[in-house]
Structures are given as C-alpha cells and as structure tokens.
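Engineer: A structural model of the following input is requested.
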Amino acid sequence: MRTIRRDGWTVADYDSEQILHELGHRDAAARVNRARRRHPVRRAWRTLRTRLHRPTPEPTPCIDWDAARAAADAVNRGDGDEADRIIQATADPRMTAFAAFRFIDVH
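Structural biologist: Numbers count the residues shown, from 1 in each chain. Okay, the predicted model is just below:
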C-alpha cells in the first residue's frame, strides 16, 4: 500500500478525504493532495486581475533638495520664518522639511 504525504493538511482537508472515502473513492487522499497542489496559471491570473483593477496611487512629488538645503541654512542662521517660507513654496513641504533636518547643524 502506498503512503500519502499529508504535510500541512488542514481540518478541511481531512474532512474532504473522509467524504471522498465515504463516496467510494479509493484514492481519496491522492485527490485531496492533487486539489492542494499549486496552480500557477490560476495564481498568475489572480495577480494580473488584481493589478488591473487596483487604483493607481497618486505620484509622490520629489523632494526639492536645494530648497531643503536653503531652509536648513536659514535655520542654522536662526531665521525660522525664512526657512518656513522656503519650505512652504515647494511641491511637498512636509517631505522637504523632513529632508532639511539632514542639513541642520547641531552643536
């Protein structure tokens, strides 16, 4: 008698095997294993379908590194208002302000 591998079987798999066995299938465990096999075409189709129907995210603006350096220089001089004006004039003030922290001198 051939032994069937049952690695990773769930309760539902054992239930399916029992039902198939009661229906008279001699190879119930093999049928359950066959059903558990990977289906690469099905998986590829699901992935493709998901990507086709997923909304595209808004493109994130790039960090204006020149403005970040200029704002950091203004902060280093003690001119916070000038730094705020420079940051607010960029396409993405939040990310540019975050990038400016790289250039602020801490003594």
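Engineer: tell me, how many residues neighbour Asp105?
Structural biologist: 8 (other Cβ atoms under 10 Å). C-beta: built from backbone N, CA, C; applies to glycine.
Engineer: where's it relative to Arg54, distance?
Structural biologist: Asp105 sits 44 Å away from Arg54, going by Cβ to Cβ, to the nearest Å.
Engineer: and what of Ala99?
Structural biologist: Look at Ala99 and Arg54: by Cβ to Cβ, they are 29 Å apart.
Engineer: more crowded one of these two?
Structural biologist: When Ala99 and Arg54 are compared for neighbours, Ala99 comes out ahead with 20 against 8, by other Cβ under 10 Å.
Engineer: which stretches of this protein form helices?
Structural biologist: Assigned by DSSP state H, the chain shows helices spanning 11-22, 28-36, 40-53, 65-77, 80-88, 93-100.
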